[in-house]
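Student: Sequence and predicted structure below; questions after.
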Amino acid sequence: MTQKHNFLIGKEWRERGQTIPVVNPYTQEAIAEVCLAGRDEILQAISLAERAFDKTRNLPAYLRSRICGQIAQGIRSRREEFSRTIALESGKPLVFARAETDRAAATFEIAAEEAKRIGGEVLDLDVAEHARGKIGIARRFPIGPAAGISPFNFPLNLVAHKVAPALACGNPIVLKPSSAAPLTALLLGKVLMETEAVEGSLSVLPCKSADAAPLVEDPRLKIVTFTGSAPVGWDIKRRAGKKKAVLELGGNAAVIVESDADLELAAKKICAGAFAFSGQVCISVQRAFVHESRFDRFMDLLRQEIGKLKIGDPLDETVTFGP
């Protein structure tokens, strides 16, 4: 029998009747059930984030930094749990899942450092005679409650890219993880609950896309950050109104192999860049432009590298190519 996971509003785990299965892409078996938040719960999370902002906006830099550091430490202390969860729900080979976990921890460590540097600058205004002896002071302030919408392919690191900067700046965030891979984000919620974070700093709400409309349209949220397809991203920007929209809509990645290139190195790097996580990466190599004088030799080397890929169970330590 699969375990049921509740969603997180602030520091409270909530249950709702409607659930979805989380399916292992390799075995096609359900590994868990996740409760789906509805529109009412999303509105409650937004209200909580709005109230939390009254506190988070005034947190001193050292405390914002310490909270991000505590999250990083929590991720590292549960490295294998995070890595296996990523592998099970997304099909990412364990070797890459561990790398993602390490990158996510590093993201929060970087955020911990940047939290100390969100200051401003002093500007000389004496560019005209009447402004002699005058200066201007520019300061940065938290923008307000944020919404984050993350994809399945990096269920931890792309969540970290949204959550870590928000917390470092003093902004609560309401997160909608991918319905295909929500367990990792919920596990991050558990880590955050063990820190000094203000209640309401993070809510994690797996939900249907139709119910997620307030994350885009509610004016109490001042910024929405989305990673996913271009059509959905541009639709979010259209519907976001006056709030800022930060969109990461994939890449257009090419490689140029010059006549004097190290072909063995190029073949290894291009194979890894094209086939890591079965190519389900925003910046995966999509095409290569190879100098005609080296083309045949390069193709021989690339075929050799592709032949080394091992397809199979993502939990197998030797597998490099999952479902």
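Tutor: Nice, thanks for sending it over. Predicted model only: the values in this text are computed from it and were never measured.
Student: Next, the distance between the ends of stretch 51-64.
Tutor: End-to-end distance of stretch 51-64 (Cα to Cα, to the nearest Å): 17 Å.
Student: where does the residue lying farthest from the centre of the chain fall, phi/psi-wise?
Tutor: Largest separation from the mean C-alpha position in the chain: residue 129, at 49.5 Å (Cα atoms, centre = their mean). Residue 129 has phi and psi values of phi -60, psi -40 when expressed as degrees, to the nearest 10.
Student: got it, and the one 10 residues further on?
Tutor: Reported as degrees, to the nearest 10, the phi and psi values for residue 139 are phi -120, psi 150.
Student: Residue 222 versus that one, what's the distance?
Tutor: Look at residue 139 and residue 222: by Cβ to Cβ, to the nearest Å, they are 17 Å apart. In short, each C-beta sits where N, CA and C put it, glycine included.
Student: Have a look at those two and say which one is more surrounded.
Tutor: Neighbours of residue 139 and residue 222, each counted by other Cβ atoms under 10 Å, are more numerous for residue 222; the result is 17 against 8.
Student: Need the pLDDT of the residue lying closest to that one once chain neighbours are set aside.
Tutor: Counting by Cβ to Cβ, 6 or more residues apart in numbering, residue 222 lies nearest to residue 144, which is 3.4 Å off, once chain neighbours are set aside. Per-residue confidence (pLDDT) for residue 144: 98.
Student: I'd say residue 144 and residue 169 touch.
Tutor: No - with contacts counted by Cβ atoms under 8 Å, residue 144 stays clear of residue 169, the gap being 10.0 Å.
Student: Now do the contacts for residue 157.
Tutor: By Cβ atoms under 8 Å, 6 or more residues apart in numbering, the contact set of residue 157 is 100, 103-104, 107.
Student: again, only using 6 Å
Tutor: 100, 103-104 (Cβ atoms under 6 Å, 6 or more residues apart in numbering).
Student: got a winner among the residues you listed for most neighbours?
Tutor: Neighbour counts for the contacts of residue 157 peak at residue 104, which has 29 neighbours (criterion: other Cβ under 10 Å).
Student: Now that one: which helix or strand?
Tutor: Assigned by DSSP states H and E, residue 104 falls within helix 94-114.
Student: Name the residues of that helix that come out as buried.
Tutor: Neighbour counts using 16 or more other Cβ atoms under 10 Å place 94-98, 100-102, 104-112, 114 of helix 94-114 among the buried residues.
Student: Would you map the helices across the stretch 1-150 of the chain?
Tutor: Here the stretch 1-150 of the chain has its helices, by DSSP state H, counting those that start in this stretch, at 39-56, 61-77, 79-90, 94-114.
Student: got the CA coordinates for the helix or strand residue 298 falls within in CSV?
Tutor: Per DSSP H and E: residue 298 is located in helix 295-307. Extracted in CSV, the C-alpha atoms of helix 295-307 (Å, rounded to 0.1, in the frame of the first residue of the first chain):
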residue,chain,number,x,y,z
PHE,A,295,33.2,15.3,-39.1
ASP,A,296,33.7,11.6,-39.8
ARG,A,297,36.2,11.1,-37.0
PHE,A,298,34.0,13.0,-34.6
MET,A,299,31.0,10.9,-35.5
ASP,A,300,33.0,7.7,-34.9
LEU,A,301,33.9,8.9,-31.4
LEU,A,302,30.4,10.1,-30.6
ARG,A,303,29.0,6.7,-31.5
GLN,A,304,31.5,5.1,-29.2
GLU,A,305,30.4,7.4,-26.3
ILE,A,306,26.7,6.7,-27.0
GLY,A,307,27.4,3.0,-27.0
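Student: what packs against that helix?
Tutor: helix 263-275 (3 or more Cβ pairs under 6 Å, 6 or more residues apart in numbering; DSSP states H and E).
Student: let's see it at 10 Å
Tutor: With contacts defined as 3 or more Cβ pairs under 10 Å, 6 or more residues apart in numbering; DSSP states H and E, helix 295-307 has these neighbours: strand 254-257, helix 263-275, strand 287-290.
Student: So which residues make contact with the longest one?
Tutor: By that I understand helix 263-275. Contact with helix 263-275 is made by 253, 255-258, 261-262, 279, 281, 283-288, 290, 294, 297-309, 320-321, as judged by Cβ atoms under 10 Å, 6 or more residues apart in numbering.
Student: I figured residue 79 hits residue 101, correct?
Tutor: Yes - using Cβ atoms under 10 Å, residue 79 is in contact with residue 101, at 5.3 Å.
Student: what sits in contact with each of the two?
Tutor: Contacts common to residue 79 and residue 101, judged by Cβ under 10 Å, 6+ apart, are absent.
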